[in-house]
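Sharing a model that was predicted from the sequence below.
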Amino acid sequence: MPHTTSARPSPTSLDLVHRPRRNRKSDWTRRLVRENTLTQDDLIWPVFVMAGENKREAIPSMPGVERHTVDQLVRAAENAAKLGIPALALFPYVDAGLRDEMGNEALNEDNLICKALRAIKAEVPELGLITDVALDPYTSHGHDGLMEEGRILNDETVEVLVRQSVVQAQSGADVIAPSDMMDGRIGAIREGLDEAGYQDVQIMSYAAKYASAFYGPFRDAIGTAKTLTGDKRTYQMDPANGLEALREAELDVNEGADMLMIKPGLPYLDIVWRVKEAFGLPTFAYQVSGEYAMLEGAARNGWVDGERIMLESLMAFKRAGADGILTYFAPRVAEMMAAGR
């Protein structure tokens, strides 16, 4: 008996009414049906400021990223504004001699951040300036709060953070972004800013900041990698937890946060989505130093297409519901967009 096989049906015999590929057939139709877009308006550029004059200093663990002296940071801010980037997020590299157990330099009205705020506002007033509120750049032990016998003090730290916030607002900060993860700090900072006459200064809460290994290069950038004693797991969140992020975000919303942030970014896109869906507040994600270093390192080694993977990673944030992204790629992406690429 001869061997027979059943004929495979042709596509036409299957009566394919739905052909999703029709909407992908050419560039113009892909653009028309695209669900999410990335523009300069989505970008916040994190920058590092250091002491000195007319200097820029490379950060080896973050190839392509530099620390700037205040005068050079002003030039960078001017360029950012020309490229259409709405805001910078400022972080200081504090000289070791100015760090102490109490983080007193954070309250100095003439510290690096305050100098940078005044200088940028004088030259580029239209640019939004976001400042980090936490004590880790200023403490000799590298923690975000005051420490006593190895324990991070919550309420005592919050009192200092309120004063730090007011000092930054006085110097020109548009948005206060507390990254410390102390309980109750959003409400206390809101009250402190209002009492000092800064009712219009916004608060972008690090609503869910995880105790992550992705922060390593950032700690190089601000000079705390070698000073940190122990770890931050008693106040930063456990990477295993998702519902806890919703509870943290709800507390910050109730205490008066204007915007919420999730940090890190790509490993926590589920949290970005859940927070945005739950609260509907402007929600941001921080593509942190470790994420940047991995992508940029792979690109520089020729293992991935750097330009495409950069844009794809940022689009992932938009798809997850982020209203904006803090990313070290910001000037490069903005330049591409300005050039029509």
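Cool, got the structure.

And the helix ranked longest in the chain, what's buried?
Ranked by residue count under DSSP state H, the longest helix found in the chain is helix 154-171. When burial is assessed from 16 or more other CB atoms under 10 Å, helix 154-171 yields the following buried residues: 154, 157-158, 160-162, 164-171. Placement of C-beta: from N, CA and C, glycine included.

can these go into a markdown table with extra columns for distance to residue 246 and pLDDT?
Putting the buried residues of helix 154-171 into a markdown table (distance: CB to CB, whole Å; pLDDT from 0 to 100) gives the following:
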| residue | distance to residue 246 | pLDDT |
| --- | --- | --- |
| 154 | 21 | 97 |
| 157 | 24 | 97 |
| 158 | 22 | 97 |
| 160 | 28 | 98 |
| 161 | 23 | 98 |
| 162 | 26 | 98 |
| 164 | 27 | 98 |
| 165 | 25 | 98 |
| 166 | 30 | 98 |
| 167 | 32 | 98 |
| 168 | 29 | 98 |
| 169 | 29 | 98 |
| 170 | 34 | 98 |
| 171 | 34 | 98 |
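
could I get those as a markdown table with distance to residue 58?
Conversion of those to a markdown table gives the following (distance: CB to CB, whole Å):
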| residue | distance to residue 58 |
| --- | --- |
| 154 | 37 |
| 157 | 33 |
| 158 | 36 |
| 160 | 32 |
| 161 | 31 |
| 162 | 35 |
| 164 | 29 |
| 165 | 31 |
| 166 | 34 |
| 167 | 30 |
| 168 | 27 |
| 169 | 32 |
| 170 | 32 |
| 171 | 27 |
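
Quick check, residue 265 in contact with residue 317.
Yes - contact criterion CB atoms under 8 Å: residue 265 and residue 317 qualify, at 6.2 Å.

Report the set of residues contacting both of those two.
By CB atoms under 8 Å, 6 or more residues apart in numbering, residue 265 and residue 317 have these common neighbours: 272, 285, 287, 325.

Top of the residues you listed by number of neighbours, please.
When the shared contacts of residue 265 and residue 317 are compared by neighbour count (other CB atoms under 10 Å), residue 285 ends up highest, at 30 neighbours.

what's the average pLDDT for the strand or helix carrying that one?
Secondary structure here is read from DSSP states H and E; on that basis residue 285 sits in strand 283-287. Model confidence over strand 283-287, given as mean pLDDT, is 98.

name the helices or strands packed onto it?
For strand 283-287, the packing partners by 3 or more CB pairs under 8 Å, 6 or more residues apart in numbering; DSSP states H and E come out as strand 259-263, helix 269-279, helix 306-319, strand 324-327.

looking at those, which is buried most?
Ranked by average neighbour count under the criterion mean count of other CB atoms under 10 Å, the helices and strands packed on strand 283-287 are headed by strand 259-263 at a mean of 26.

what mean pLDDT does that one have?
Averaged over strand 259-263, pLDDT sits at 98.

Then stretch 190-199?
Within the predicted structure, the mean pLDDT of stretch 190-199 is 98.

try stretch 59-70
Model confidence over stretch 59-70 averages 96 on the pLDDT scale.

now stretch 128-145
Per-residue confidence for stretch 128-145 averages out to 95 on the pLDDT scale.

Can you name the residues that contact residue 153?
When the contact criterion is CB under 8 Å, 6+ apart, the partners of residue 153 are 145-147.

Would you list the phi and psi of it?
Note on residue 153: backbone dihedrals following degrees, to the nearest 10 are phi -80, psi 120.

Find me the pLDDT at it, would you?
Residue 153 is assigned a predicted lDDT (pLDDT) of 97.

ok, now residue 5?
54.

Could you do residue 340 as well?
pLDDT recorded at residue 340 is 81.

Which strand or helix spans it?
Residue 340 is part of no helix or strand when elements are defined by DSSP H and E.

same deal with residue 80?
Here residue 80 is assigned to helix 70-82, by DSSP H and E.

same deal with residue 220?
helix 216-222.

which residues touch the next helix or strand after that helix?
Beyond helix 216-222 in the direction of the C-terminus, DSSP H and E gives the next helix or strand as helix 243-254. Here helix 243-254 makes contact (CB under 8 Å, 6+ apart) with 183, 186-187, 205, 207-208, 237-238, 260, 262, 271, 274-275, 278-279, 281.

So which of those is the closest to residue 119?
residue 205 (26.6 Å; CB to CB).

What strands line up against the helix or strand where the closest one lies, and which way round?
Per DSSP H and E, residue 205 falls inside strand 202-209. Each strand pairing with strand 202-209, determined using DSSP bridges, is listed with its direction: strand 175-178 (parallel), strand 259-263 (parallel).
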